[in-house]
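# quick one, what's the 3D model for this:
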Amino acid sequence: LIAAFLAAAATEASAAEPHGRAYLFRGLIGMIDWGMDELAGRINRTGVQANIDSHLSWRSIADQAISDYRRDPKPITAIGHSIGGDAAVDFAERLEAAHVPVSLLITYDPNRFAHSIPANVHRYINLYQSENMLGGGDLAPARGFRGNYASYNLKNRAEIVHVNLDKFPRIQEMLTSKIRSAGATEGGGEREGAGDARF
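Numbers count the residues shown, from 1 in each chain. The predicted model follows:
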């Protein structure tokens, strides 16, 4: 009976253990980025620990992520909307400098002047609108990038604009699925696509 109890307790502890960590960054006006809060909720329900913060906090969040990874390595996902997408890329760069991998990086319509995708990112997904002046960033891989790269231009989706891109349940579901499986396979340098068929 004692052995059975201990086995059951170990199973419960394992089930409660987060499968990874996700760091989400809101855009310039946080109060209208409630889609990011919805996404964080979906991610948490999959067993991945999701935290959401202002784009201004990326440095301190990155330092905490580095510390957490060194203490307890788990797959890391970074996600950001608008200037929060820029912050997610900056976050990934800071982790690169500390030799910490990023399993998945997702940007929702980042700005055109955001940095390139660093080489420590295993998989990158970008959803953007090329004709959007608030975002429109089709970010390029940096030198040394060998991960999977996918950038989807949603310019022909009339129902999608910069401020609501983070709020579509179907897109949230698709991204949540990819976040849940992040780290299971690591990419081999291929470009997945540049259309919008999957979104």
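
# could you use CA atoms for every contact and neighbour count after this?
Fine.

# so which residues of this structure form strands?
21-25, 49-53, 76-81, 104-108, 123-128, 148-153, 191-193 (DSSP state E).

# could I get these as TSV with mean pLDDT?
Listed next are those as TSV, based on pLDDT from 0 to 100:
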stretch	mean pLDDT
strand 21-25	97
strand 49-53	95
strand 76-81	97
strand 104-108	96
strand 123-128	95
strand 148-153	94
strand 191-193	52
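
# out of those, which is closest to Asp68?
strand 21-25 (9.4 Å; CA to CA).

# ranges for the helices of the protein?
Secondary structure of the chain (DSSP state H): helices located at 2-16, 34-45, 58-71, 83-97, 169-180.

# average pLDDT across the first one?
Okay, so that is helix 2-16. This predicted structure assigns helix 2-16 an average pLDDT of 43.

# what does the second one give?
The average pLDDT for helix 34-45 rounds to 92.

# what sits up against that helix?
Applying CA atoms under 8 Å, 6 or more residues apart in numbering, the external contacts of helix 34-45 come out as 22, 24-26, 49-52, 81, 164, 166-168, 172-173, 176, 179-180.

# among those, name the buried ones.
Buried members of those, counted by 16 or more other CA atoms under 10 Å: 22, 24-26, 49-52, 81, 166-167, 172, 176, 179-180.

# tell me the one of these nearest Ser103?
Closest to Ser103, out of all of the buried ones among the contacts of helix 34-45 and judged by CA to CA, is Ile179, at 8.8 Å.

# what distance do you get for that closest one to Arg157?
Counting by CA to CA, to the nearest Å, the gap from Ile179 to Arg157 is 24 Å.

# highest average neighbour count across the helices of the chain?
Highest mean neighbour count among those (mean count of other CA atoms under 10 Å): helix 83-97, with a mean of 25.

# what helices and strands are in contact with it?
For helix 83-97, the contact count by 3 or more CA pairs under 8 Å, 6 or more residues apart in numbering; DSSP states H and E identifies strand 21-25, helix 58-71, strand 76-81, strand 104-108 as packing neighbours.

# and Gly80, how close does it get to Arg71?
25 Å.

# about what we covered before: can I get the helices and strands packed on helix 83-97 in TSV with distance to Ile117?
Below are the helices and strands packed on helix 83-97 laid out as TSV (distance: least, CA to CA, whole Å):
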stretch	distance to Ile117
strand 21-25	16
helix 58-71	16
strand 76-81	12
strand 104-108	9
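
# my guess is Ile83 contacts Leu24, does it?
No. Ile83 lies out of contact with Leu24 (CA atoms under 8 Å); the separation is 11.7 Å.

# now for Asp138, how many residues are close by?
23 (other CA atoms under 10 Å).
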